[in-house]
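>>> output the structure for:
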Amino acid sequence: MLLARLLNRLVRSGSLTVIDPSNERHHFGDAPPDTGVVIRLTDPALPRKLFFNAQLHLGEAYMDGTLRVERGTIYDLLDLVSRNMGFSGRLPFEQAGRPFRAIRRLLHQFNPAERSRRNVAHHYDLSGELYDLFLDDDHQYSCAYFTEGHQDLERAQLEKKRHLASKLYLNRSDLSVLDIGSGWGGMGLYLGSIGQCDVTGVTLSREQFDVSNRRARESGLSDRVGFRMTDYRDISGKFDRIVSVGMFEHVGAPHYPAFFERIRDLLTDDGVAVIHSIGRMDGPGITNQWIRKYIFPGGYSPALSEVLPVIENRGLWVTDVEILRLHYADTLKLWRERFVANRDRARDLYDERFCRMWEFYLAASEATFRHRGHMVFQLQITKNVDTLPRTRDYMVDDERRLAERESEVFAGNREHIMAHTETARAS
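Numbers count the residues shown, from 1 in each chain. Predicted coordinates for the structure are as follows:
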């Protein structure tokens, strides 16, 4: 079996047993067979498919049920493979395709406005009930911030918003903020209520547009927080602050110059922008085929080496860079556990194949952040050298001030802080 040759080279640590379509057992790794993951392949064509293109066919086989995990979980399998591959490991046929990588990158990441709308709808216009099954109460669909290790997801997502807000340098109460890729409105509502800013959020998702504006109305913040369904390239005017959380992954490298030109043109002279994005630590790459086909068409997680030169060439200052390493792995673990706990409800919304697809997506993403070199970066950007204080102490001070403000706003009024939850669930 060709696949056995590949796995014999790949799985050196741990234990993997593969039962092939002929019911023959193959063991790989340095641990006893009775201690590790056991999978069964039922399609006679599958071993060959996995040998030539595991990146695509592993996920498809799990979705179709032709790859079954008989001991352990799909996460256990992906974690085992990812640990053995490491962040720089590539399969033989991935190496063979490297000469064509630049062309494929351009084709896959070409995201003009209309294509961007279709790509966003593919993922974010799924039923809102699906996201209820695994996200936090505020529907934060991006990396949480775990200041004390493994605290609960709701607290970690609140602290993520606070952490980002501290980098925006909210030194006045009348600041205008543009939220690019505003999701279900949580960041904008936080900046409107806790930060006391005037916020304009933009999204390409009809589902998110409807929910976020409803949340603003029901939270009593629609006089200062509003959301528009439009492309960031079509925004005009000037803003004191710009924030973008989890949207930059959908821009595509060919469009980075246009993106940062819009940041530059939309910022006031003393403005501050903060970009929060998934990235990769091992240089420019290509989005996983299965993820691109089934989950995020047009999506790409960039290396900083692809982003920083573009910012520099736009005449902007990068005033702060922070790398969040295992925070997203821990976020995805909690999402995956919540989804698995609510799997029957997800099956009622869609079907078994969809459940397998979504579970594979969450498990593969977690393994990638733990072992394959993915991380999250936060970039703070200004137009002028003297916009911000000279040391980073103001960020710590602002986080404390914002935490106190949260206590003031929400103290004795628990139903107000939970209004975001009820609004999202009702939608």
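>>> in stretch 146-165, what counts as buried?
Going by neighbour count (16 or more other CB atoms under 10 Å), the buried part of stretch 146-165 is 146, 153, 156-165. For the C-beta atoms, the positions are set from N, CA and C on the backbone; glycine is no exception.
>>> er, stretch 17-30 actually
Buried residues in stretch 17-30, counted by 16+ other CB under 10 Å: 17-20, 26-29.
>>> just name the closest of the buried residues of stretch 146-165 to residue 64, please.
Residue 64 lies nearest to residue 153 out of the buried residues of stretch 146-165, by CB to CB, at 31.0 Å.
>>> give me every residue that touches that closest one.
By CB atoms under 8 Å, 6 or more residues apart in numbering, the contact set of residue 153 is 136, 144, 331, 334-335, 338.
>>> how about the buried residues of stretch 146-165, which pair is most distant?
Farthest pair in the buried residues of stretch 146-165 (CB to CB) is 153 and 165. Separation: 18.8 Å.
>>> I'd assumed residue 273 was in a strand, is it?
Yes - under DSSP: H, G, I helix; E, B strand; the rest coil, residue 273 falls within a strand.
>>> residues near it, how many?
As a burial measure, residue 273 scores 26 neighbours (other CB atoms under 10 Å).
>>> beta-bridge partners for it, please?
Taking DSSP bridges as the rule, residue 273 bridges to residue 242, residue 381.
>>> now the residue lying closest to residue 69 once chain neighbours are set aside, what's its secondary structure?
Distances taken as CB to CB, 6 or more residues apart in numbering place residue 39 nearest to residue 69, at 5.4 Å, with adjacent residues excluded. Judged by three-state DSSP, the three-state class of residue 39 is strand.
>>> so residue 39 touches residue 73, yeah?
No - the pair residue 39 / residue 73 is not scored as a contact, 10.8 Å apart, by CB atoms under 8 Å.
>>> which residues of the chain score low on pLDDT?
For the chain, the stretches flagged by pLDDT under 70 are 87-125, 150, 411-427.
>>> what residue lies at the spatial centre of it?
The chain has residue 142 as the residue nearest its centroid, 4.8 Å off, counting by CA atoms, centre = their mean.
>>> just to confirm, which helix or strand has it in it?
Using DSSP states H and E, residue 142 maps to neither a helix nor a strand.
>>> one more: the one 3 residues further on?
Take DSSP H and E as the rule and residue 145 turns out to sit in neither a helix nor a strand.
>>> renumber starting at 625 from here on
Done: numbering now begins at 625, and the last item shifts to residue 769.
>>> helix or strand for the spatially closest residue to it that is not a sequence neighbour, just tell me which one.
Spatial nearest neighbour of residue 769, excluding adjacent residues (CB to CB, 6+ apart): residue 784 at 3.9 Å. Counting by DSSP H and E, the element that carries residue 784 is helix 777-791.
>>> what sits against the residue nearest to the centre of the chain?
784, 807, 869-870, 900.
>>> nearest to residue 626, out of these: which one, please.
residue 870 (39.1 Å).
>>> isn't that closest one up against residue 807?
Yes - with contact defined as CB under 8 Å, residue 870 reaches residue 807; the gap is 7.1 Å.
>>> what is in contact with the two at once?
Taking CB under 8 Å, 6+ apart as the contact rule, residue 870 and residue 807 both touch 765-766.
>>> between those two, which is the more surrounded one?
Neighbour comparison, residue 870 and residue 807: the larger count goes to residue 807, with 26 against 17 (by other CB under 10 Å).
>>> gap between that one and residue 655?
Distance, residue 807 to residue 655, using CB to CB, to the nearest Å: 42 Å.
>>> list the contacts of residue 670.
Applying CB under 8 Å, 6+ apart, the residues contacting residue 670 are 645, 681, 685, 690-691.
>>> hmm, try it at 7 Å
Contacts for residue 670 (CB atoms under 7 Å, 6 or more residues apart in numbering) come out as 685, 690-691.
>>> same question, residue 981
Listed by CB under 7 Å, 6+ apart, the contact set of residue 981 reads 687, 918.
>>> phi first, then psi, for it.
When read as degrees, to the nearest 10, the backbone of residue 981 gives phi -60, psi -50.
>>> surely residue 701 is within a strand?
No - Residue 701 is assigned helix when assessed by three-state DSSP, not a strand.
>>> quick one on the thing from earlier: of the contacts of residue 766, which is the nearest to residue 632?
Nearest to residue 632, judged by CB to CB, of the contacts of residue 766 is residue 870 at 39.0 Å.
>>> determine how far stretch 886-898 lies from the middle of the whole chain.
Stretch 886-898 sits 24 Å away from the centroid of its parent chain (CA atoms, centre = their mean, to the nearest Å).
>>> got the domain ranges for the chain?
Using automatic domain parsing, the domain parsing of the chain gives 626-720, 737-1050.
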